[in-house]
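A.B. asks: starting from these lines, generate the structure:
(one chain, ligands or ions: 1)
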Amino acid sequence: MRLPPITLPRALAAMLFLGALSSCGSGNAADSFETPGAALFAQETCADCHGADGAGGTLGPALETLSAHWTVSDLSAYLADPRQFLHSDERLVRLGQRYIMPMPDFRGLDEATRLVLAEHLLATFP
Ligand code: HEC
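C.D. replies: Numbers count the residues shown, from 1 in each chain. Here you go, the predicted model:
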């Protein structure tokens, strides 16, 4: 199976992130990322699959009603090891079956970073 070309969007996200950093403090409301969590969402390739606005895409589901299913700490644990949750969560199994690739693990991110991301997700897609 050919992997979809996620490398370019990732490079693009990194460039946008650096661009946002360099314009920090300008007070420009049009800055791409208003919070560290939003920057992580783009930088860590989440947006490649879930869409820049979290509305979903070919590779990942829309992020919505997350607070009905997740606490901050569970979500942080999910990001580190999504597969671990598939044993106990039928909804996630069904969600995953619609996409060619499973949700990748982000165990490379330390817990503090995952918590920032989890807070961002719950605040943005409650
Ligand atoms: C390669 C595509 C891909 C990437 C990259 C990706 N995801 Fe996912 N994500 C999925 C898929 C597919 C699912 C469906 C469930 C599964 O496979 O475990 C999912 C599920 C989720 C869920 C659960 C949604 C629900 O309804 O409970 C959350 C939250 C989530 N992803 C957040 C993220 C975040 C945050 C990132 C970046 C750190 C990210 N994803 C990166 C594909 C992706």
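
A.B. asks: from the ligand, how far out is the spatially most central residue of the chain?
C.D. replies: Most central in the chain under C-alpha atoms, centre = their mean is residue 46, positioned 3.3 Å from the mean C-alpha point. Distance of residue 46 to the ligand, computed by C-beta to the nearest ligand atom, to the nearest Å: 3 Å. (C-beta placed from N, C-alpha, C; glycine too.)

A.B. asks: do the same with residue 66
C.D. replies: For residue 66, the distance to the ligand - C-beta to the nearest ligand atom - is 6 Å.

A.B. asks: which ones are touching that residue?
C.D. replies: 75, 121, 122, 125, 126 (C-beta atoms under 8 Å, 6 or more residues apart in numbering).

A.B. asks: pLDDT score for the closest residue to residue 59 other than its chain neighbours?
C.D. replies: Leaving aside its chain neighbours, residue 59 sits nearest to residue 49 (3.9 Å; criterion: C-beta to C-beta, 6 or more residues apart in numbering). pLDDT recorded at residue 49 is 97.

A.B. asks: what number of residues lie near residue 49?
C.D. replies: Neighbour count for residue 49, taken as other C-beta atoms under 10 Å: 19.

A.B. asks: the helix or strand that contains it - contacts with which helices or strands?
C.D. replies: Following DSSP states H and E, one finds residue 49 within helix 46-50. Contacts defined by 3 or more C-beta pairs under 8 Å, 6 or more residues apart in numbering; DSSP states H and E place helix 46-50 against helix 7-22.
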